[in-house]
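> sequence plus the predicted model coming up.
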Amino acid sequence: MKAVRLFLTLLIALLVASCSSIRPLSSKPPYSSIKVNKPFTWGDGVILIKVEMPSGEYKPLYEDDKGYYYQAPQKITGRDSFWPLLMDGGLFLKRNLAKPDQIYIIRNQYGIPTRINIGDRADVSLPR
């Protein structure tokens with residue numbers, strides 16, 4: 001019984017911690033928008049999900065203690081083990097970087113973003 005109670009307590013703490021971090025913008029992001037010059041993909045769709053990021057202007061909507069969430073101009077498409085995906089997402093800009101090196105996607109009903117490292121894969125233009 002103690003093990004079940006401990007597991008449930010840890011699970012609730014994890015959910016509360018992950019839900020409380022993302023919030024609407026309360027500080028000024030470094031860029032008013034980030035332009036993705038050409039579409040790019042991440043993953044293979046078989047072992048990992050495949051995410052297809054569209055080109056266009058990404059606008060900042062949310063932030064957390066680590067950085068800013070720039071939403072894509074349209075839904076993110078992709079697939080997971082051959083099943084099609086349509087989800088919200090965009091670029092994540094860390095507070096200490098000048099260029100985004102992560103994307104984020106929201107695949108669940110709770111609206112919790114998952115961040116994925118993409119390195120230098122995105123061809124972006126940043127306003128001056």
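Done, it's in.

> contacting residues for the nearest residue to Asp44 once chain neighbours are set aside?
In space, and not counting its chain neighbours, Asp44 is closest to Lys50: 5.8 Å by CB to CB, 6 or more residues apart in numbering. Any C-beta I mention is one placed from the backbone N, CA and C, and that applies to glycine too. Residues in contact with Lys50, defined by CB atoms under 8 Å, 6 or more residues apart in numbering, are Thr41, Trp42, Gly43, Asp44, Gly78, Arg79, Asp80.

> what's the longest strand in the chain?
Criterion DSSP state E: the longest strand present in the chain is strand 83-94.

> now it - C-alpha only, CSV.
In CSV, the C-alpha atoms belonging to strand 83-94 read as follows (Å, rounded to 0.1, in the frame of the first residue of the first chain):
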residue,chain,number,x,y,z
TRP,A,83,-0.2,6.8,-38.5
PRO,A,84,-0.8,10.4,-39.6
LEU,A,85,-0.3,13.2,-37.1
LEU,A,86,-1.7,16.8,-37.0
MET,A,87,-0.6,18.8,-34.0
ASP,A,88,0.3,22.2,-32.6
GLY,A,89,3.9,23.1,-32.4
GLY,A,90,6.7,25.4,-33.4
LEU,A,91,10.2,26.5,-32.5
PHE,A,92,11.6,26.8,-29.0
LEU,A,93,14.2,29.5,-28.4
LYS,A,94,16.3,29.1,-25.2
